[in-house]
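In: only geometry, no sequence info:
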């Protein structure tokens, strides 16, 4: 009797695996979040205003990869004229401010936020390394996620 059921069970398992694979990929939207400005004010996702693209970067101001990528972004700042950017870090506000001044001093469409309670992992659970950069279109739909050296690939998504 077991021999008769084994092929049926295998066939059912195969059918179910195709059903799972056929599911459409979930659309990721910009999550509702709340962090702090460098002045200590609350900043939420409802305050984010942009026209074309939004980049959200999780970074550590003391991270070598983060500093390298920030320098490369600074070199290519002309390619980012249609991009608003939010930088989020668990670092001290002084270190974040120094990072901002070093790479992006005076760029109004770049906002730097502090995450002293490490809520980044609640809002962006797959931000497991620094830097991690998310790219959203004007509908707040995620169109890319980039880590470390992959950040350079972001320019192909921006028109």
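Out: Done, it's in. Since the structure is predicted, the reported quantities are computational estimates derived from the model, not experimental observations.
In: make it CA atoms for all contacts and neighbour counts henceforth
Out: Will do.
In: Tell me which residue lies nearest the centroid of this structure.
Out: residue 134 (2.7 Å; Cα atoms, centre = their mean).
In: Tell me, how many residues neighbour residue 39?
Out: 9 (other Cα atoms under 10 Å).
In: Find the nearest non-adjacent residue to the residue nearest to the centre of the chain, please.
Out: Nearest residue to residue 134, sequence neighbours excluded (Cα to Cα, 6 or more residues apart in numbering): residue 145, at 4.5 Å.
In: Likewise for residue 146?
Out: Closest to residue 146 by Cα to Cα, 6+ apart is residue 133, at 5.1 Å.
In: ok so, going back, okay, and the residue nearest to residue 134 sits in which element?
Out: Element membership of residue 145, judged by DSSP states H and E, is strand 142-147.
In: neighbouring strands for that strand, and are they parallel or not?
Out: strand 132-136 (antiparallel) (DSSP bridges).
In: avg pLDDT for the strand it pairs with?
Out: Average pLDDT, strand 132-136: 95.
In: Can you list the neighbours in contact with that strand?
Out: Applying Cα atoms under 8 Å, 6 or more residues apart in numbering, the contact partners of strand 132-136 are 29-30, 53-59, 142-148, 151, 154.
In: from these, which would you call buried?
Out: 30, 53-59, 142, 144-148, 151, 154 (16 or more other Cα atoms under 10 Å).
In: Tell me the one of those residues nearest residue 68?
Out: residue 148 (9.1 Å; Cα to Cα).
In: residues touching the closest residue to the closest one other than its chain neighbours, list them.
Out: Sequence neighbours aside, residue 131 is the residue nearest to residue 148 in space, at 5.4 Å (criterion: Cα to Cα, 6+ apart). Residues in contact with residue 131 (Cα under 8 Å, 6+ apart) are 57-60, 65-66, 69, 147-148.
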